[in-house]
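J.: Take a look and give me a structure for this.
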Amino acid sequence: MTLRTRAPHRRQRWSALAVVVTILMGLTATTALAAPPGISLEQCRNGSATAPSNCTSPGATNATGWVNGNVGASQGHLLEGYSIPYRAIMTNLPIGTTVNVTLGYDIKHSGSHALDYLTQYDRLEPHSFFMHTAEMVDPTSGVNGLSATTDTEPILAPSNLPAAPLAGFNALAANKRVMTIFGGTIVDGSFVYVTEGDLAASQSEARVSFSFIPDSATAVLAWGGHIARGDQWNGLSASEISGSPYHMRVKAWTLNNVGNQDRSLSAGAVFIEESQITTQPNASLTFSATLSDSATVTGASPTGTVTFKLWSTKTGDPAVCSGELYSEVVNVAADGTAATDGDGSPSMGNIVSPTSSTTYYWTAVYSGDDSNSESTSPCGAESVTVNPPSFSTVPALP
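T.: Numbering: from 1, shown residues only. This is a model prediction of the structure:
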């Protein structure tokens, strides 16, 4: 009788256990579905100059790609004036909810200028300096679950930029001065500087903040960090110092803690493109001839202008030109050449009237562009001798 009364009780206990197991399994499944939002900052390793790699995810064709880590001297090849590609992969997002993100980047490192402003993510052109085509930059490579929505928001120039780097920022096409999000929309007008940093400090960080609304549980934010150019910062660019001065960080977002999100690039991966200008003036001509000068600019597919000037005097060592006689600004052609056309001064007679053979001096100044530094031909490197008109005495008729 005892066994008969306990047997049903045992079955009830096993049934209760089964219910508990079922509930626990249900809780486990629910917990897995409710994973917290995550954000992961990545930058591109585009390989060495001799072994380039596309900015795509590992496993794609010819790709070392996007990495959740730093870039060493042998893992990247960039020029001052390029932008380091960055992306932030965000997962388990609350669809339709406004999310705010704060980024930080070093504008100064060890007294030198590092990343002076933000840009669009794909700025590795012109790439001819490295003698191969530019690497492909695809921020969505290897990321699944993105909606079809893509949106951009204009990046504002820091108000503390001096004239030269500000001119460089303003010279960028409008589509190269934007943040981009895949899988959501950026709230219009939400891009602000939390702090622009201190350009007088040895070490300083700028921070920007903006908001977006995801329409898929996964989204990708993409942007670039502009590598400061020495010719725009009086030679104080970070590519000249040791270590890894180029730092980008995700500082915070409104969904949870971000942890340590600091990605660095070695100065050894950044090259300086020094443009060079060679000129070829008239060596000697007569008073009635047309003065001319030409120049060839070499570098990373140089654009911009060459300003030709003619001077009357050369003094000192190194030589200094003075007594400006003529000036002409000429656009650099696709092959890097520029030449005077005599516009406004077709002949020497419009400038001076020498009474004896006289030497004058041309100088040529290349303006530089986003990938090439300014360059100037020295005074005295190109001179032109002008011979006065000759006269003969005609006897008077008797």
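
J.: quick one, domains of the chain?
T.: Dividing the chain into domains by automatic domain parsing, as the record does, gives the ranges 36-271, 276-387.

J.: JSON lines please, covering the ones you listed and showing mean pLDDT.
T.: As requested, the domains of the chain are arranged in JSON lines below (pLDDT from 0 to 100):
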{"stretch": "domain 36-271", "mean pLDDT": "94"}
{"stretch": "domain 276-387", "mean pLDDT": "76"}
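
J.: For my notes, please list these in CSV and give mean neighbour count for each entry.
T.: (Each C-beta comes from the backbone N, C-alpha and C, glycine too.) Rendered in CSV, the data for the domains of the chain read as follows (neighbours: other Cβ atoms under 10 Å):
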stretch, mean neighbour count
domain 36-271, 19
domain 276-387, 17
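
J.: can you give me the strands in the stretch 201-350 of the chain?
T.: 204-214, 219-227, 246-253, 262-265, 270-271, 276-279, 284-286, 294-298, 305-315, 320-331, 337-339 (DSSP state E, counting those that start in this stretch).

J.: for the shortest one, packing partners?
T.: Counting contacts by 3 or more Cβ pairs under 8 Å, 6 or more residues apart in numbering; DSSP states H and E, strand 270-271 is packed against strand 78-79.

J.: And for the third one?
T.: Using 3+ Cβ pairs under 8 Å, 6+ apart as the contact criterion, the secondary-structure elements in contact with strand 246-253 are strand 38-45, strand 83-91, strand 99-109, strand 115-119, strand 204-214, strand 219-227, strand 262-265.

J.: redo that, cut-off 7 Å
T.: Applying 3 or more Cβ pairs under 7 Å, 6 or more residues apart in numbering; DSSP states H and E, one finds that strand 246-253 makes contact with strand 38-45, strand 83-91, strand 99-109, strand 219-227, strand 262-265.

J.: List the contacts of the first one.
T.: By Cβ atoms under 7 Å, 6 or more residues apart in numbering, the list of residues contacting strand 38-45 from outside reads 53, 55, 64-68, 71, 75-76, 84-92, 137, 248, 250, 253, 258, 261, 263.

J.: Paired strands for the helix or strand following it, with orientation please.
T.: Reading on from strand 38-45 to the C-terminus, the next helix or strand found by DSSP states H and E is strand 65-67. When pairing is defined by DSSP bridges, strand 65-67 lines up against strand 38-45 (antiparallel).

J.: now the partner strand and strand 246-253, what's the angle there?
T.: Using axes from the mean of the first three to the mean of the last three Cα atoms, to 10 degrees, the direction of strand 38-45 lies 170 degrees away from that of strand 246-253.

J.: I'd like the distance from strand 38-45 to the chain centre, please.
T.: Shown here is strand 38-45, whose average C-alpha point lies 18 Å from the average C-alpha point of the whole chain (Cα atoms, centre = their mean, to the nearest Å).

J.: want to throw the strands of the stretch 201-350 of the chain into TSV with distance to residue 115?
T.: Shown next, in TSV, are the strands of the stretch 201-350 of the chain (distance: least, Cβ to Cβ, whole Å):
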stretch	distance to residue 115
strand 204-214	8
strand 219-227	4
strand 246-253	6
strand 262-265	9
strand 270-271	11
strand 276-279	27
strand 284-286	51
strand 294-298	27
strand 305-315	28
strand 320-331	30
strand 337-339	32
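
J.: Nearest to residue 358, out of the ones you listed?
T.: Distances from residue 358 to each of these were compared using Cβ to Cβ; the minimum, 8.3 Å, belongs to strand 305-315.

J.: Any idea how far apart the tips of stretch 307-326 sit?
T.: In stretch 307-326, first residue to last residue: 10 Å (Cα to Cα, to the nearest Å).

J.: Contacts for it, please.
T.: Stretch 307-326 has contacts (Cβ under 7 Å, 6+ apart) with 291, 293, 327-330, 340, 345, 351-352, 360-365, 378-380.

J.: now do stretch 266-274
T.: Contacts made with stretch 266-274 from outside it, assessed by Cβ under 7 Å, 6+ apart, are listed as 71-73, 75-80, 129, 227, 230, 238-239, 241-245, 299-300, 371-373.

J.: try stretch 164-180
T.: By Cβ under 7 Å, 6+ apart, the residues outside stretch 164-180 that reach it are 116-117, 119-121, 123, 150, 152-155, 157, 161, 186, 191, 210, 221-223, 228-229, 232-233, 370.

J.: Dump it to CSV, restricted to CA.
T.: Listed in CSV are the C-alpha atoms of stretch 164-180, where the atom choice follows Å, rounded to 0.1, in the frame of the first residue of the first chain:
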residue,chain,number,x,y,z
ALA,A,164,45.9,76.5,-44.3
PRO,A,165,44.2,73.3,-43.0
LEU,A,166,40.9,75.0,-43.1
ALA,A,167,41.4,75.7,-46.8
GLY,A,168,42.3,72.1,-47.2
PHE,A,169,39.0,71.0,-45.5
ASN,A,170,37.0,73.5,-47.6
ALA,A,171,38.6,72.3,-50.8
LEU,A,172,37.2,68.8,-50.3
ALA,A,173,34.1,67.9,-52.4
ALA,A,174,30.9,68.0,-50.4
ASN,A,175,30.5,64.2,-50.5
LYS,A,176,34.0,63.8,-48.9
ARG,A,177,32.9,65.8,-45.8
VAL,A,178,30.2,63.5,-44.5
MET,A,179,29.6,60.8,-41.9
THR,A,180,27.8,57.8,-43.4
